[in-house]
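Novice: What follows is a predicted protein model with its sequence.
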Amino acid sequence: MLSVRWLFFRKRLGPLPGGYIKQLLSRVEGWLSYHEALYLYALAAAGPAEGKIVEIGSWKGKSTVILAKGSKQGRREEVYAIDPHKGGPDQEAHGHKDVDSEMEFRNNVRQEQVADQVRPMVMRSDEAATGWSGPVRLLWIDGDHSYEAVRQDFLLWEPFVAPGGVIAFHDTYAWEGPRRVVEEMVLVSRKFAVIGLVDSITAVKKLSGAEPLVLLRSYCLLFARYLYKLGRRHVLPGDLRKLSKAVMKWLSSVG
């Protein structure tokens, strides 16, 4: 469990590389919190199901390296990093216009010593999906944040996710696109159960059958998420928002 200081990982994988991750977050440009990075590392290292890891939206490689480090530590699958590396509206909103991030991405992957664990796919996610075959056990959606783009990424890639596999969305509170897709297409579906709410990440497991404990945890997480959203809107006291966030961390796991 994430909330009990990663006891599971200490037993299976040794201490989590918290110091390294903090340094990486400052070295490689991008948008990922410390707890989000730890959670992605955990999903890559010991998440459920079998198949490839697919990342939609790499930018300069921050989450790519985290996923590759975790997967490498767990002696698991390669990371397929999908990004045309030409920027877009999300990057322009942060002052990055007319960019080409491919060279910096490749340099970061090489310098962090995970080039053997990463397969760059320099193209749009719809182009990558056209030629894709084989199961995906972890799908990380963090590309274009417009509603249409997130919806397309989900619809194109969800069929490849193996039963028991995980889909993790980034920026599911402040950004309308990821938030709407999660609320309108994922949380209402009986195909998925929420397994993790870590900062802005919403992670769901693709159900392979009746999993009562997973569903119970999902309902508890959804209730905590509802309280957290009310706290963000200042409908409820700030202390309740902090409490609901603590509950979400306590309940979040890698599957």
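Specialist: Happy to help now that I have it. Numbers count the residues shown, from 1 in each chain.
Novice: if I pick the closest residue to S58 other than its chain neighbours, what's in contact with it?
Specialist: Leaving aside its sequence neighbours, S58 sits nearest to D83 (Cβ to Cβ, 6 or more residues apart in numbering; 4.0 Å). (C-beta placed from N, C-alpha, C; glycine too.) The neighbours of D83, taking Cβ atoms under 8 Å, 6 or more residues apart in numbering as the test, are 56-59, 101, 105, 120-122, 143.
Novice: Quick check: R217 is in a strand.
Specialist: No: counting by DSSP: H, G, I helix; E, B strand; the rest coil, R217 is not found in a strand; it is helix.
Novice: and it, how many residues sit next to it?
Specialist: If you count neighbours by other Cβ atoms under 10 Å, R217 ends up with 19.
Novice: how close does it get to L24?
Specialist: R217 is 30 Å from L24, where distance means Cβ to Cβ, to the nearest Å.
Novice: Report the residue spans of the stretch 1-150 of the chain with pLDDT below the cut-off.
Specialist: 1-16, 87-98 (pLDDT under 70).
Novice: mind listing the strands for it?
Specialist: 52-56, 79-82, 118-121, 136-141 (DSSP state E, counting those that start in this stretch).
Novice: Now distance to E183 too, for these, in CSV please.
Specialist: Listed next are the strands of the stretch 1-150 of the chain as CSV, based on distance: least, Cβ to Cβ, whole Å:
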stretch, distance to E183
strand 52-56, 19
strand 79-82, 24
strand 118-121, 29
strand 136-141, 14
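Novice: got the ones you listed as CSV, with distance to L222 and mean neighbour count columns?
Specialist: Output for the strands of the stretch 1-150 of the chain, formatted as CSV (distance: least, Cβ to Cβ, whole Å; neighbours: other Cβ atoms under 10 Å):
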stretch, distance to L222, mean neighbour count
strand 52-56, 24, 26
strand 79-82, 29, 26
strand 118-121, 33, 20
strand 136-141, 19, 27
